[in-house]
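**Student:** heads up, no residue letters with this:
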């Protein structure tokens with residue numbers, strides 16, 4: 001992730017001010033209209049740079065020319081190619097920039113110094129594992145196609161060239177977002193991910209389901225699953241009601257590769273465009289069932305107080321209960337078992 005301080009200095013420059021130190025920077029940014037602070041994200045995210053781009057740009061043009069000349073005069077084609085590959089490996093190439101990644105946000109939370117008024121002073125994962133969190137009932141989960149939110153933005157469902165970019169630069173795109181301590185470990189894990197989700201050399205647009213699953217797991221599935229597992233390790237934690245929202249009906253759009261991000265909201269809250277669904281349809285009946293479960297949780301701290309027909313058992317690390325919400329709501333165990341076990345074994349929280 002790019003240095004947040006560098007981004008703040010870059011934002012000031014975009015807004016027409018050059019700061020010499022952090023105090024000047026702070027004083028200037030406090031004078032800026034809030035709308036201006038949040039409307040220049042695209043200007044401060046570093047542009048996309050691929051290894052091929054770097055080879056064709058400064059400061060690598062002289063070396064490119066030298067290599068090209070060498071390859072013309074040498075009479076050993078195999079040696080030419082090996083030397084060329086070696087030269088690329090030893091170049092002090094900068095890392096691929098933010099825009100090439102699956103998700104690139106200009107601003108993210110940072111760990112603050114532990115001073116009065118600080119809000120986040122340690123990594124939330126560390127707080128969770130250590131039991132430093134509020135022990136209250138929790139209802140949480142994700143959708144079967146949460147990753148569609150990102151891959152539509154990256155055109156991975158419609159543009160073969162965009163998918164080829166993912167295939168060609170997979171490790172550079174995926175490794176920076178994996179929660180492992182060293183770059184070497186993250187790169188090794190990215191290679192294992194490629195083999196696990198795709199199992200072959202080239203990723204194409206025909207791999208849309210695997211791309212959706214991978215992006216869902218990276219940003220929503222594994223974080224949710226790791227969170228409920230870590231919290232459940234603490235015997236004084238409140239009950240955790242875990243769910244997968246997987247309704248594929250036409251009311252929520254194309255469900256070929258999964259149920260889109262935040263689709264639960266269309267079930268729970270009135271939407272003027274959709275209106276009130278017919279309560280006699282599958283969608284209408286499911287909506288009423290979900291509203292009842294969530295309302296129960298708000299009122300009683302459990303979706304299934306005494307007298308309810310459906311019993312939503314809380315998650316624990318033995319039974320791994322979750323509510324699988326499709327056309328109906330069913331209690332199941334071990335959500336995406338193979339996928340989540342891959343993450344636990346290779347990219348643990």
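**Tutor:** Happy to help now that I have it. Source: prediction; values computed, not measured.

**Student:** helix, strand or coil for the nearest residue to residue 111 once chain neighbours are set aside?
**Tutor:** Excluding its sequence neighbours, the residue lying closest to residue 111 (C-beta to C-beta, 6 or more residues apart in numbering) is residue 120, at 6.0 Å. C-beta here means a position set from N, CA and C on the backbone, and glycine is covered the same way. Under the three-state scheme (DSSP: H, G, I helix; E, B strand; the rest coil), residue 120 adopts coil.

**Student:** what distance do you get for the residue nearest to residue 251 when sequence neighbours are not counted to residue 275?
**Tutor:** Closest residue to residue 251 in three dimensions, ignoring its sequence neighbours and counting by C-beta to C-beta, 6+ apart: residue 283, at 4.8 Å. Counting by C-beta to C-beta, to the nearest Å, the gap from residue 283 to residue 275 is 12 Å.

**Student:** in the chain, which spans are strands?
**Tutor:** Assigned by DSSP state E, the chain shows strands spanning 138-143, 240-245, 321-325, 329-333.

**Student:** could you list the buried residues of the second one?
**Tutor:** The neighbour-count check on strand 240-245 (16 or more other C-beta atoms under 10 Å) flags 240-245 as buried.

**Student:** and of the residues you listed, the nearest to residue 40?
**Tutor:** residue 245 (34.4 Å; C-beta to C-beta).

**Student:** quick one: which of residue 283 and residue 275 has more around it?
**Tutor:** Taking other C-beta atoms under 10 Å, residue 283 and residue 275 do not tie; residue 283 has more neighbours (19 against 8).

**Student:** in contact with that one, which residues?
**Tutor:** 247, 249, 251, 277 (C-beta atoms under 8 Å, 6 or more residues apart in numbering).

**Student:** cutoff 7 Å now
**Tutor:** Residues in contact with residue 283, defined by C-beta atoms under 7 Å, 6 or more residues apart in numbering, are 249, 251, 277.

**Student:** from residue 263, how far off is it?
**Tutor:** Distance from residue 283 to residue 263, by C-beta to C-beta: 11 Å.

**Student:** and what of residue 138?
**Tutor:** For residue 138 relative to residue 263 (C-beta to C-beta), the value is 20 Å.

**Student:** now do residue 188
**Tutor:** Residue 188 sits 35 Å away from residue 263, going by C-beta to C-beta.

**Student:** looking at these two, which one has more neighbours?
**Tutor:** Taking neighbours as other C-beta under 10 Å, residue 188 and residue 263 compare with residue 263 leading, 22 against 16.

**Student:** that one is in contact with residue 143, isn't it?
**Tutor:** Yes. With contact defined as C-beta atoms under 7 Å, residue 263 counts as touching residue 143 (5.6 Å).

**Student:** mutual contacts of these two, please.
**Tutor:** Counting by C-beta under 7 Å, 6+ apart, the residues touching both residue 263 and residue 143 are residue 245.

**Student:** please spell out which residues along the helix ranked longest in the chain are buried.
**Tutor:** Longest helix in the chain, counting residues (DSSP state H): helix 282-300. For helix 282-300, a neighbour-count test (16+ other C-beta under 10 Å) marks 283, 286-287, 289-290, 293-294, 296-297 as buried.

**Student:** can you give me the offset of that helix from its chain's centre?
**Tutor:** Centroid displacement of helix 282-300 relative to its chain, using C-alpha atoms, centre = their mean, to the nearest Å, is 28 Å.

**Student:** same deal with stretch 249-261?
**Tutor:** On C-alpha atoms, centre = their mean, the centre of stretch 249-261 falls 19 Å from the chain's centre.

**Student:** how close does the closest residue in space to residue 211 that isn't next to it in sequence sit to residue 168?
**Tutor:** Nearest non-adjacent residue to residue 211, counting by C-beta to C-beta, 6+ apart: residue 156, 5.2 Å away. Distance of residue 156 to residue 168, computed by C-beta to C-beta: 13 Å.

**Student:** the two: which has the busier surroundings?
**Tutor:** Applying other C-beta under 10 Å to residue 156 and residue 168 shows that residue 156 carries more neighbours, namely 24 against 14.

**Student:** correct me, but the more buried one touches residue 162?
**Tutor:** Yes. Residue 156 lies in contact with residue 162 (C-beta under 7 Å); the separation is 5.8 Å.

**Student:** any idea how far residue 39 is from residue 10?
**Tutor:** In terms of C-beta to C-beta, residue 39 sits 14 Å off from residue 10.
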